[in-house]
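Visitor: pasted the sequence and its predicted model underneath.
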Amino acid sequence: MTNPNPLANTFDLTGKVALVTGSSRGIGEAIARLLAAHGAHVIVSSRKAEPCEAVAASIREAGGKASVLACHIGEIDQIDATFAAIEQQFGRLDILVNNAATNPYFGHITDTDLGAFQKTVDVNIRGYFFMCARGAKVMAQQGGGSIINIASVNGVIPGMAQGIYSITKAAVISMTHAFAKECATQKVRVNAILPGFTDTKFAAALTSNDMIMKTVLAHVPMDRVAEPSEMAGAALYLASDAASYTTGTCLNVDGGYLLA
C-alpha cells in the first residue's frame, strides 16, 4: 500500500547509527537524546565514560538505543580507536555530530599562553578535522551519511576575551564548507550549527556573570539565553532525510544575535 503521506517519516532515524561527541551534558546530551527519540542508536561519547554511561542508561530507560565510547578528540590515537570500535560493533556510521570542544582561556587575546592556544587548537580544529575525515571515509564506503559540526556565533563575530576560541570556531565554519564541497559526490553531507548564547556548564563563565549577560543580551533580539534542547532540533533536521539536499550550510540558532 502506498504511503498517503511520503513526508510522514522524514525525521525517522530508525536503523541509523549516530556518534555524538561531548554528549555527557549540555548541547551534546540534548542532541543525543533527540536523535535517540527518533530511532537512532546513539553512541554517547566524551573524554570520560562514567558520565556518558548515565546519559546512555537514561536514553535506554526511555525506550531508546544507546551505548558509550569514551574519546578525547584532542588525541589522534583515541579518534582512531573510536572509529575502529564503531566498525567492529556496528559496521557503519550514519550520523556524526562533532560537539566536543574546549575553551580553557578567558581574557585578553594578547595574553593567551602557548598551553591554552595549543589545547584549543588541538581539540577544536585538529580534533574536528580528523573526526570529519574518519567519519566521511566510513560514510562514503557505505553510500553516504551526515556530519554535523557544532561551531558558534563566535566564529562569525569574535567573542570578547574569547579570542583563540573564536578563531577555532571560525576555522570549523571554513572546515565545514571544505568537507561539504569535497565529499558531496560521495553522498556525505557536512553542515554546521552556530549556537548563540546557551545555558550550559561550558558557557558558565559568561552566563553566570550579570554584567556580561546584560551586555550580551542587548544584542540578542529574543532577549534571552537559549536552553541546550533548543539546539537539538537543528541537529535532527540536518541528520535526517529532511536535509537530503542540504550541505555546506551553517545554521544560526542564536535568537537573532547575528542580525543585530
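Guide: Looks like it came in fine. These numbers were taken from a predicted model, which means no experiment stands behind them.
Visitor: any idea how far residue 194 is from residue 89?
Guide: Going from residue 194 to residue 89 by C-beta to C-beta, to the nearest Å gives 32 Å. Placement of C-beta: from N, CA and C, glycine included.
Visitor: which of the two has more neighbours?
Guide: residue 194 (24 against 13; other C-beta atoms under 10 Å).
Visitor: just confirm that one is within a strand.
Guide: Yes - the assignment for residue 194 is a strand, going by DSSP: H, G, I helix; E, B strand; the rest coil.
Visitor: what ranges in the protein fall below the confidence cut-off?
Guide: By pLDDT under 70, the low-scoring segments of the chain are 1-8.
Visitor: cutoff 90 now
Guide: Filtered on pLDDT under 90, the chain yields the residue ranges 1-9, 200-216, 260.
Visitor: where exactly do the helices run in it?
Guide: Ranges of helices within the chain are 26-37, 49-61, 76-89, 114-121, 128-142, 163-183, 204-207, 210-217, 229-239, based on DSSP state H.
Visitor: just give me the residue closest to the centre of the protein.
Guide: Geometric centre of the chain, nearest residue: residue 99, 3.0 Å, by C-alpha atoms, centre = their mean.
Visitor: circling back: among the helices of the chain, which is nearest residue 10?
Guide: Among those, the nearest to residue 10 by C-beta to C-beta is helix 229-239 (9.3 Å).
Visitor: got the contact list for that closest one?
Guide: If you take C-beta atoms under 8 Å, 6 or more residues apart in numbering as the criterion, helix 229-239 is touched by 11, 13, 16, 18, 27, 30-31, 33-35, 38, 40, 95, 97, 146, 148, 150, 189, 191, 193, 195, 198, 243, 246, 249, 251, 253.
Visitor: buried residues, that helix. List them.
Guide: Judged by neighbour count using 16 or more other C-beta atoms under 10 Å, the buried positions of helix 229-239 are 230-232, 234-239.
Visitor: need these in TSV with distance to residue 61, can you?
Guide: Formatted as TSV, those follow (distance: C-beta to C-beta, whole Å):
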residue	distance to residue 61
230	23
231	23
232	19
234	26
235	22
236	21
237	26
238	27
239	23
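Visitor: now for these, which pair is the farthest apart?
Guide: So, the buried residues of helix 229-239 by C-beta to C-beta: farthest apart are 230 and 239, at 16.2 Å.
Visitor: which of the helices of the chain sits closest to residue 259?
Guide: Of all the helices of the chain, helix 210-217 comes closest under C-beta to C-beta, at 14.2 Å.
Visitor: got the CA coordinates for the closest one in PDB?
Guide: Only the C-alpha atoms of helix 210-217 are listed here, as PDB (Å, rounded to 0.1, in the frame of the first residue of the first chain):
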ATOM      1  CA  ASP A 210      25.400  39.500  35.200                       C
ATOM      2  CA  MET A 211      27.400  42.300  33.700                       C
ATOM      3  CA  ILE A 212      28.500  40.200  30.700                       C
ATOM      4  CA  MET A 213      25.000  38.800  30.200                       C
ATOM      5  CA  LYS A 214      23.500  42.300  30.200                       C
ATOM      6  CA  THR A 215      25.900  43.300  27.500                       C
ATOM      7  CA  VAL A 216      25.300  40.200  25.500                       C
ATOM      8  CA  LEU A 217      21.500  40.200  25.700                       C
END
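Visitor: for it, which positions count as buried?
Guide: Of the residues in helix 210-217, 212-213, 216-217 count as buried by neighbour count, 16+ other C-beta under 10 Å.
Visitor: could you do stretch 181-197 as well?
Guide: 183, 188-197.
Visitor: so how far is that stretch off the chain centroid?
Guide: 11 Å (C-alpha atoms, centre = their mean, to the nearest Å).
Visitor: any idea how far residue 135 is from the residue lying closest to residue 131 once chain neighbours are set aside?
Guide: Nearest residue to residue 131 in three dimensions, chain neighbours excluded: residue 98, at 5.2 Å (C-beta to C-beta, 6 or more residues apart in numbering). Residue 98 is 8 Å from residue 135, where distance means C-beta to C-beta.
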